[in-house]
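# Structure for this input, please:
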Amino acid sequence: QLVQSGGGLVQAGGSLRLSCAASGFTFDDLSIGWFRQAPGKEREGVSCFSSSDGNTYYADSVKGRFSTSRDNAKNMVYLQMNSLKPEDTAVYYCAADHQTRTVVFGTTPYWGQGTQVTVSS
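Residues are numbered from 1 along each chain as shown. Just a heads-up that it's a prediction; the model follows:
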């Protein structure tokens, strides 16, 4: 199970942090991704931590502004979003699986409930 928290309304240039609590997994072996979907647009991958190689990959649209971190002791993953832009407005989802490719391609059955991020100009 993945339970998200955080999000909300922020002005352009501001910051927000999203949290994703994972339960029922072997957390150390978990690949975790963040996705977002804006109204009328397709779901977009934002970042992905690969348990296969220990690296985190970011979409070009968020590189240098967003970062992810993990607290293995708490089974938590965070998405820190800085220098937010109006185009970052979307519902954000965390997704996880022990198979990295299902997270990369968004085919994992394990998703958070989603949280709204709204960036005003």
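# switch to C-alpha atoms for all contacts and neighbour counts from now on
Noted.
# where exactly do the strands run in this protein?
Assigned by DSSP state E, the chain shows strands spanning 2-6, 8-11, 16-22, 31-37, 44-49, 56-58, 66-71, 76-81, 90-97, 110-111, 115-120.
# what residues does stretch 73-86 touch?
For stretch 73-86, the surrounding residues in contact (CA atoms under 8 Å, 6 or more residues apart in numbering) are 11-23, 27, 32, 34, 65-71, 118-121.
# follow-up on the earlier one: can you redo the strands of the chain as CSV with mean neighbour count and distance to Val103?
Below are those laid out as CSV (neighbours: other CA atoms under 10 Å; distance: least, CA to CA, whole Å):
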stretch, mean neighbour count, distance to Val103
strand 2-6, 18, 13
strand 8-11, 15, 25
strand 16-22, 21, 14
strand 31-37, 25, 6
strand 44-49, 22, 7
strand 56-58, 17, 12
strand 66-71, 17, 15
strand 76-81, 20, 14
strand 90-97, 25, 6
strand 110-111, 20, 9
strand 115-120, 20, 18
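# would CSV of the ones you listed with mean pLDDT be doable?
Shown next, in CSV, are the strands of the chain (pLDDT from 0 to 100):
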stretch, mean pLDDT
strand 2-6, 97
strand 8-11, 97
strand 16-22, 97
strand 31-37, 97
strand 44-49, 96
strand 56-58, 95
strand 66-71, 95
strand 76-81, 97
strand 90-97, 97
strand 110-111, 98
strand 115-120, 98
